[in-house]
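> with the sequence up front, the predicted model follows.
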Amino acid sequence: MRKAISLKYLVLLALVLAGCLSPHPLATRQNREITPNDFKGTDTQRILQAVKAASGTTHLIRIPAGNANGTRVWMIDSAILLPSDMTVILDNCTLQLSDPSRDNMFRSDNVGIGIVHPAWNKNIRIIGIGSVTLKGAANPRATGDGARKLSLDPEAEQQKGNWRVSYGSDAGKEGRKQTGDWRNIMILMAYVDGFELRNISIENAHAWSVSFERTRNAELTDIRIHNSEYVEVNGRRLMTSNKDGIDLRQGCKHFRLERITGVTGDDFIALSNLGSSTPALGPAGSLRSTMVTPAAWSGPEDDIEQIFIRNISCGNRYRGIAIRASGAAAIHHVFIDGLNFSAVENRGEALLLGGKGYGRMSERGKISDIYAMNVMGNGFSLARIEAPVRDCYFMNGMYYGNGQTPVLYTIGRDSTENVSQVNWLKVSR
């Protein structure tokens, strides 16, 4: 009798090991990739279920090209919230914000509405394989930053003198917020230590394509951006505001941005350390701001530093790379190597240091140690200096615009310190 029981036990064990009997589903997921097609519900619900399952097991999900509902597009109704130690593989797929959505596409799960004291997240990766596209809604409910009023006809409003407007189908609807906010950013990461974004295309974000707040040790490579100032909705060409490419806000440190190309309706890359002399627009998690964390600068831990930018090719009517600070907030040690700026309508400049209209003037030397080399572009100038910067070095620049000089000062040169140019030239083309 004892031998028979032992034999049955051995046969059962062999079947399990051979895969003939299915173990618990969670045990299965520990040994294979998790995809949203493993789950039931809307596209967003299935992706979030996959993230939840992976966060305790594989720490990786794969979103494939084929959706189990028979389509080849994943429609996103609300933000895909990413915890620490999570990798999302986007495998030749297209993700698009749905028309009912009014949220980010991806956001770190430590920030959001009502989260007043965010904890730090770490090690989040979004990796594209093959052809990957992230798209805004066909008819977005809101676009623009927190100061933009929604309008169904922004250009008509601007003709009346109302300039701070942006398209949104929520315009005029009772009970709907009538300005933009941080939810219009397609990818938003805050208080994250360790982030990677690789090989994706972004089309028509509702405001900025990618934005970081108080994030460290990040790499962005092989990103393609088409974020036009105008979108077509039901055959109408409508103006949308604040269509930046990549934004680094307070406290961003140790970034590498490389091989990023495209066209935007506003600054292509913006480093902005503002709010040091103006009241914060509410606490973290407030919808009064384009920042999900406090907009105030609170000390050197909120300075932007050690930013490496290489091989950028972009075009717009604004700037290739804008570096702005106000008051005592600092931006320093920014290294730029390879910037090709194509000015639309011959406006803007490849590089801006300073920026007016963002609160108190940047204090002397708070923008410092900016090194730019191998820069080419047209526009009003190759570099515009609007703040009392210090220790800035420009080398190997080719300016072929209509301005008189490759460096345009809109501030007295005697207020700057140690700004040098080597082979920073105006050329004919």
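Sure, I can see it.

> CA only for contacts and neighbour counts going forward, please
Fine.

> next up, the contacts around residue 179.
Residues in contact with residue 179 (Cα atoms under 8 Å, 6 or more residues apart in numbering) are 142, 144-150.

> beta-bridge partners for it, please?
Residues in a beta bridge with residue 179, per DSSP bridges, are residue 149.

> pLDDT score assigned to it?
pLDDT for residue 179: 97.

> returning to that earlier point: can I have the buried ones of the contacts of residue 179 as a PyMOL selection?
Buried subset of the contacts of residue 179, written as a PyMOL selection, criterion 16 or more other Cα atoms under 10 Å:
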select buried, resi 142+144+145+146+147+148+149+150
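
> which one of the contacts of residue 179 is nearest residue 361?
The shortest approach to residue 361 among the contacts of residue 179 belongs to residue 147, at 20.4 Å (Cα to Cα).

> gap between the closest one and residue 178?
Residue 147 sits 10 Å away from residue 178, going by Cα to Cα, to the nearest Å.

> how about residue 274?
Going from residue 274 to residue 178 by Cα to Cα gives 24 Å.

> now do residue 282
Relative to residue 178, and taking Cα to Cα, residue 282 is found at 17 Å.

> what's the answer for residue 202, then?
Distance from residue 202 to residue 178, counting by Cα to Cα: 25 Å.

> which one's more surrounded, these two?
Legend: neighbour count by other Cα atoms under 10 Å for residue 202 and residue 178, higher for residue 202 (23 against 20).

> confidence score at residue 359?
For residue 359, pLDDT reads 81.

> my error: substitute residue 256 in the last question.
pLDDT, residue 256: 98.

> of the contacts of residue 179, which is the nearest to residue 286?
Using Cα to Cα, residue 146 comes nearest to residue 286 of the contacts of residue 179, at 10.7 Å.

> wait, isn't the closest one in contact with residue 292?
No: taking contacts as Cα atoms under 8 Å, residue 146 lies outside contact range of residue 292: 10.9 Å.

> what do the two both touch?
Contacts common to residue 146 and residue 292, judged by Cα under 8 Å, 6+ apart, are residue 182.

> distance of residue 42 relative to residue 89?
Between residue 42 and residue 89 the distance is 19 Å, computed by Cα to Cα.

> among the two, which residue is more densely surrounded?
Neighbour totals were compared for residue 42 and residue 89, and residue 89 leads with 19 against 15 (other Cα under 10 Å).

> contact partners for that one?
Per Cα under 8 Å, 6+ apart, neighbours of residue 89: 60-63, 126-129.

> after the helix-or-strand element of the chain with minimal mean pLDDT, next one along is what?
Between all helices and strands in the chain, the lowest mean by mean pLDDT, DSSP states H and E belongs to helix 25-29, at a mean of 42. Per DSSP states H and E, helix 25-29 leads on to helix 43-55 as the next helix or strand towards the C-terminus.

> I'd like the next helix or strand past that following helix.
Sequence-wise, the next helix or strand downstream of helix 43-55 (DSSP H and E) is strand 60-63.

> who's in contact with that following strand?
Contacts of strand 60-63 (Cα under 8 Å, 6+ apart): 33-36, 47, 50-51, 54, 86-91, 93.

> just give me the least confident of those.
residue 33 (92).

> now do the contacts for that residue.
Counting by Cα under 8 Å, 6+ apart, residue 33 has contacts 58, 60-62.

> residue 319 and residue 338, how far apart?
Going from residue 319 to residue 338 by Cα to Cα gives 15 Å.

> brain fart, residue 147
Going from residue 147 to residue 338 by Cα to Cα gives 33 Å.

> what segments of the stretch 251-400 of the chain are strands?
Using DSSP state E, counting those that start in this stretch, the strands of the stretch 251-400 of the chain run over 253-264, 269-273, 304-316, 319-325, 331-343, 349-353, 367-377, 381-385, 390-399.

> list the contacts of stretch 112-131.
82-93, 108, 110-111, 191-201, 283-287, 292.

> buried stuff in that stretch?
Across stretch 112-131, burial judged by 16+ other Cα under 10 Å covers 112, 115-116, 118, 120-128.

> same question, stretch 36-55
Neighbour-count burial for stretch 36-55 flags 36-37, 39, 43-55 (criterion: 16+ other Cα under 10 Å).

> could you pull up the contacting residues of the residue lying closest to residue 398 once chain neighbours are set aside?
Nearest non-adjacent residue to residue 398, counting by Cα to Cα, 6 or more residues apart in numbering: residue 376, 4.7 Å away. Counting by Cα under 8 Å, 6+ apart, residue 376 makes contact with 339-341, 350, 382, 397-400.

> widest-spaced pair of the residues you listed?
339 and 400 (13.9 Å).

> the more surrounded of the two?
Between residue 339 and residue 400, residue 339 has the larger neighbour count (other Cα under 10 Å), namely 26 against 21.

> ok, the more buried one to residue 385 distance?
17 Å.

> ditto for residue 216
Note on residue 216: its distance to residue 385, by Cα to Cα, is 27 Å.

> repeat that for residue 298.
The spacing between residue 298 and residue 385, counted by Cα to Cα, is 25 Å.

> between those two, which one's more packed in?
Between residue 298 and residue 385, counted using other Cα under 10 Å, the more crowded position is residue 385 (20 against 15).

> wait, the more buried one sits on residue 408?
Yes: at 6.3 Å, residue 385 counts as touching residue 408 under the criterion of Cα under 8 Å.

> for the stretch 1-150 of the chain, which segments count as strands?
Shown for the stretch 1-150 of the chain, the strands assigned by DSSP E, counting those that start in this stretch span residues 60-63, 74-76, 80-82, 86-91, 94-97, 106-108, 121-129, 133-135, 149-151.

> and of these, who's closest to residue 251?
Shortest distance between residue 251 and the strands of the stretch 1-150 of the chain, using Cα to Cα, is found for strand 121-129: 14.5 Å.
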